[in-house]
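Visitor: Got a predicted structure here, sequence first:
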Amino acid sequence: MNTTEEKDLDDKINSLNRISQEGYDLLKRNNLKAAKEKFLELLELDPKNQYGLVGMGDLSRKENNFKEAQKYYQECLSYHHENKYAVIGLADTYRDAKEYDKAIRLWEHFLALNEPDITVLTRLADAYRKLGNFENSKNFYLKVFDVEPRNTYALTGIGYLFFDNKKYNQALQYWMKMLEIEPDNLRILTAIGNCHRKRKTFEQGIDFFKKALELAPDNFYALYGLADCYRGVLNHNESKNVWRQLLKISPTNKVVMTRLGDALRNLGEFDEAEKYYSKALQIADDYYAEIGLALILKERREYSKALDKMMRLFNADKSNFRLVNEITDTYIAIGDRLNAFKFLSDVFKEKNSKTVYQNTKVLNLYEELVKEFQ
């Protein structure tokens with residue numbers, strides 16, 4: 001190759017590199033139209049150019065055009081078999097299209113040929129988590145920590161893995177580490193609060209939801225968690241105030257209406273509670289709003305109406321042992337011990353129901369009624 005040819009080649013390479021760099025700069029700035037022009041120009045000059053093919057794949061994926069993205073990544077890999085960005089990009093399109101099995105096969109193929117890569121390890125852990133494969137997901141998150149012990153993406157993900165599998169203590173362990181790194185992370189603060197809700201350590205939950213609300217005063221999830229924790233510690237007045245605040249943010253939310261009704265009922269404000277239960281039922285059927293109305297009837301000593309409503313609700317869901325307590329209590333309140341006995345006898349005929357239902361007051365009453373009527 002003579003000097004002129006070498007110069008022409010260098011000029012061509014420099015031109016291709018410049019166009020490539022311009023395309024990626026535009027893509028980073030989300031100027032997709034201009035970026036596309038650059039990448040297509042690059043491919044016109046060099047149809048097998050890996051930067052142009054990957055660039056078009058990345059651009060198509062940003063446009064949620066997964067099939068088009070896959071075409072470009074696959075074409076790149078047909079010429080450049082181990083291009084890291086084409087493999088990861090192709091796997092990401094499968095993930096984005098919720099084809100997790102295909103994505104996993106590609107990522108695992110990549111890891112078999114390369115040194116451990118945090119990006120790929122975390123993607124694999126996330127994909128296995130979404131497929132419900134607890135062990136594989138956990139193992140890949142732990143491999144991330146072998147490389148980078150304070151990786152925030154993995155700390156967040158493994159926390160959700162444990163949380164979704166009701167392993168709340170382990171979820172807290174990782175999320176508290178995450179909070180050391182990012183103390184103002186709103187998502188993690190509410191996640192920790194929710195862990196405490198699930199563990200019924202409501203006082204601690206209140207602290208974390210309050211910290212979250214210092215960062216975002218109108219955050220729905222933090223307000224909901226706070227109201228529910230107040231409910232858990234039987235602070236119905238504070239719970240009522242937060243449910244009201246939530247209703248301003250989400251005025252047609254029937255769950256919030258029902259929770260507000262519960263707080264008002266527990267405070268003895270029956271007329272106001274009835275209003276919110278009824279509003280919830282105007283939006284859609286709501287089992288818990290119906291229970292709330294039945295309990296108001298009971299509090300008002302309209303025992304016959306209360307029993308009719310509670311029995312209908314119990315027959316719709318015989319796993320609701322809260323209603324067992326309320327129905328039994330209503331029978332006793334009207335002095336009908338025989339029907340209380342018959343009702344509990346029917347309940348306890350169900351397999352394992354005595355084991356599942358651990359309300360000591362009702363179990364002791366049932367034993368008394370057995371002696372009385374048998």
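Guide: Sure, I can see it.
Visitor: List the residue ranges of the stretch 1-150 of the chain that fall below the pLDDT cut-off.
Guide: 1-12 (pLDDT under 70).
Visitor: let's go with 90 and repeat that
Guide: Scanning the stretch 1-150 of the chain for pLDDT under 90 picks out 1-20, 23-24, 41, 45, 81-84, 97, 109-116.
Visitor: In it, mark out all the helices, start to finish.
Guide: In the stretch 1-150 of the chain, the helices defined using DSSP state H, counting those that start in this stretch lie at 3-28, 32-45, 50-62, 66-79, 84-96, 100-113, 118-130, 134-147.
Visitor: could you say what helices and strands the fifth one packs with?
Guide: Contacts of helix 84-96 with other secondary structure elements, assessed using 3 or more Cβ pairs under 8 Å, 6 or more residues apart in numbering; DSSP states H and E, are made with helix 50-62, helix 66-79, helix 100-113, helix 118-130. Any C-beta I mention is one placed from the backbone N, CA and C, and that applies to glycine too.
Visitor: Out of those, the one nearest residue 34 is which?
Guide: For residue 34, the closest of the helices and strands packed on helix 84-96 is helix 50-62, at 10.6 Å, according to Cβ to Cβ.
Visitor: ok now the closest one, how far from the chain's centre?
Guide: 31 Å (Cα atoms, centre = their mean, to the nearest Å).
Visitor: ok, back up a step: output the helices and strands packed on helix 84-96 in JSON lines; the columns should cover mean neighbour count and distance to residue 306.
Guide: Shown next, in JSON lines, are the helices and strands packed on helix 84-96 (neighbours: other Cβ atoms under 10 Å; distance: least, Cβ to Cβ, whole Å):
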{"stretch": "helix 50-62", "mean neighbour count": "23", "distance to residue 306": "58"}
{"stretch": "helix 66-79", "mean neighbour count": "19", "distance to residue 306": "56"}
{"stretch": "helix 100-113", "mean neighbour count": "16", "distance to residue 306": "50"}
{"stretch": "helix 118-130", "mean neighbour count": "21", "distance to residue 306": "45"}
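Visitor: want to throw these into a markdown table with distance to residue 294?
Guide: Listed next are these as a markdown table, based on distance: least, Cβ to Cβ, whole Å:
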| stretch | distance to residue 294 |
| --- | --- |
| helix 50-62 | 53 |
| helix 66-79 | 50 |
| helix 100-113 | 45 |
| helix 118-130 | 40 |
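Visitor: wait, which of these is closest to residue 200?
Guide: That would be, of the helices and strands packed on helix 84-96 and by Cβ to Cβ, helix 118-130, which comes in at 25.2 Å.
Visitor: relative to helix 100-113, how tilted is the closest one?
Guide: Angle, helix 118-130 to helix 100-113, by axes from the mean of the first three to the mean of the last three Cα atoms, to 10 degrees: 150 degrees.
Visitor: helices and strands around helix 118-130, which ones?
Guide: By 3+ Cβ pairs under 8 Å, 6+ apart, helix 118-130 packs against helix 84-96, helix 100-113, helix 134-147, helix 152-164.
Visitor: mind listing what the closest residue to residue 327 other than its chain neighbours touches?
Guide: Nearest non-adjacent residue to residue 327, counting by Cβ to Cβ, 6 or more residues apart in numbering: residue 310, 5.1 Å away. With contacts defined as Cβ atoms under 8 Å, 6 or more residues apart in numbering, the neighbours of residue 310 are 291, 294, 298, 323, 326-327, 330.
Visitor: May I ask which of the residues you listed has the most neighbours?
Guide: Counting by other Cβ atoms under 10 Å, residue 294 has the largest number of neighbours within these, with 26 neighbours.
Visitor: Run a quick check on residue 15 versus residue 45, I expect a contact.
Guide: Yes: in terms of Cβ atoms under 8 Å, residue 15 counts as a neighbour of residue 45; the distance is 7.4 Å.
Visitor: thinking again about what came up before, of the helices of the stretch 1-150 of the chain, give the one that comes closest to residue 318.
Guide: Checking the helices of the stretch 1-150 of the chain against residue 318 by Cβ to Cβ gives helix 134-147 as the closest, at 31.3 Å.
Visitor: Send over that closest one as CSV, restricted to the C-alpha atoms.
Guide: These are the backbone C-alpha positions of helix 134-147, laid out as CSV (Å, rounded to 0.1, in the frame of the first residue of the first chain):
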residue,chain,number,x,y,z
PHE,A,134,-35.4,-17.1,43.7
GLU,A,135,-32.1,-19.1,44.0
ASN,A,136,-30.7,-18.1,40.6
SER,A,137,-31.6,-14.5,41.1
LYS,A,138,-30.0,-14.4,44.6
ASN,A,139,-26.8,-16.1,43.3
PHE,A,140,-26.3,-13.6,40.5
TYR,A,141,-26.9,-10.6,42.8
LEU,A,142,-24.3,-12.1,45.2
LYS,A,143,-21.8,-12.4,42.3
VAL,A,144,-22.2,-8.7,41.7
PHE,A,145,-21.2,-8.1,45.3
ASP,A,146,-18.1,-10.2,44.8
VAL,A,147,-17.0,-7.7,42.2
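Visitor: what does stretch 239-256 contact?
Guide: Against stretch 239-256 from outside (Cβ under 8 Å, 6+ apart): 218, 220, 223-224, 226-228, 230-231, 257, 259-260, 263-264, 267, 279-281, 283-284, 286, 289.
Visitor: Output that stretch as PDB, restricted to C-alpha atoms.
Guide: What follows is stretch 239-256, C-alpha atoms only, in PDB (Å, rounded to 0.1, in the frame of the first residue of the first chain):
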ATOM      1  CA  SER A 239     -54.500   7.700  60.500                       C
ATOM      2  CA  LYS A 240     -57.700   9.600  59.600                       C
ATOM      3  CA  ASN A 241     -55.800  12.800  58.900                       C
ATOM      4  CA  VAL A 242     -53.400  11.100  56.500                       C
ATOM      5  CA  TRP A 243     -56.200   9.200  54.700                       C
ATOM      6  CA  ARG A 244     -57.900  12.600  54.200                       C
ATOM      7  CA  GLN A 245     -54.700  14.000  52.800                       C
ATOM      8  CA  LEU A 246     -54.400  11.000  50.400                       C
ATOM      9  CA  LEU A 247     -58.000  11.500  49.300                       C
ATOM     10  CA  LYS A 248     -57.200  15.000  48.100                       C
ATOM     11  CA  ILE A 249     -54.400  13.500  45.900                       C
ATOM     12  CA  SER A 250     -56.600  10.600  44.700                       C
ATOM     13  CA  PRO A 251     -60.200  11.600  45.100                       C
ATOM     14  CA  THR A 252     -61.800   8.500  43.500                       C
ATOM     15  CA  ASN A 253     -59.600   5.900  45.200                       C
ATOM     16  CA  LYS A 254     -62.100   3.500  46.800                       C
ATOM     17  CA  VAL A 255     -59.400   1.700  48.900                       C
ATOM     18  CA  VAL A 256     -58.500   5.100  50.500                       C
END
